[in-house]
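>>> Here is my input; please provide its structure:
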Amino acid sequence: AYSQGYLYQPGIATEEQARSWATVVEAVHAAGSKIFAQLMHAGA
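Numbering: from 1, shown residues only. Here you go, the predicted model:
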């Protein structure tokens, strides 16, 4: 929550954020592609 690299950075730090990605993931899978989460450390 406190180590964002930039303002409004998307994430999966909370249940609400994780649920919000469901539509995106389903659309990517429906298009026949794979999706992954890239881990990032903002230095905080």
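
>>> any weak-confidence spans in this protein?
Across the chain, residues meeting the criterion (pLDDT under 70) sit at 1-2, 44.

>>> can you map out the helices along it?
All helices of the chain, identified by DSSP state H, fall at 15-20, 22-30.

>>> ok, now how distant is Ser33 from Leu7?
In this structure, Ser33 lies at 28 Å from Leu7, with CB to CB, to the nearest Å as the measure. Where you see a C-beta, it was placed from the backbone N, CA and C, and this is true even at glycine.

>>> wait, I meant Lys34
For Lys34, the distance to Leu7 - CB to CB - is 29 Å.

>>> got it, and Phe36?
Note on Phe36: its distance to Leu7, by CB to CB, is 24 Å.

>>> swap in Ala30?
Distance check for Ala30 against Leu7: by CB to CB, it reads 31 Å.

>>> the more surrounded of those two?
Ala30 (8 against 5; other CB atoms under 10 Å).

>>> burial of the residue lying closest to Ile12 once chain neighbours are set aside, as a residue count?
Closest residue to Ile12 apart from its sequence neighbours, by CB to CB, 6 or more residues apart in numbering: Ala18 at 4.9 Å. Under the neighbour criterion other CB under 10 Å, Ala18 is assigned a count of 12.

>>> There's contact between Ala18 and Gly11 in this structure, I believe.
No - in this structure, Ala18 sits apart from Gly11 without contact. The criterion is CB atoms under 8 Å, and the distance is 9.1 Å.

>>> In contact with the spatially most central residue of the chain, which residues?
In the chain, the C-alpha closest to the average C-alpha coordinate belongs to Gly11, at a distance of 4.0 Å (CA atoms, centre = their mean). Listed by CB atoms under 8 Å, 6 or more residues apart in numbering, the contact set of Gly11 reads Gln4, Gln17.

>>> so how far is Lys34 from it?
Taking CB to CB as the criterion, Gly11 is separated from Lys34 by 20 Å.

>>> before we move on, what about Ala22?
The spacing between Ala22 and Lys34, counted by CB to CB, is 16 Å.

>>> how many neighbours does Gln4 have?
14.

>>> wait, Ile35
Using other CB under 10 Å, the number of residues around Ile35 comes to 12.
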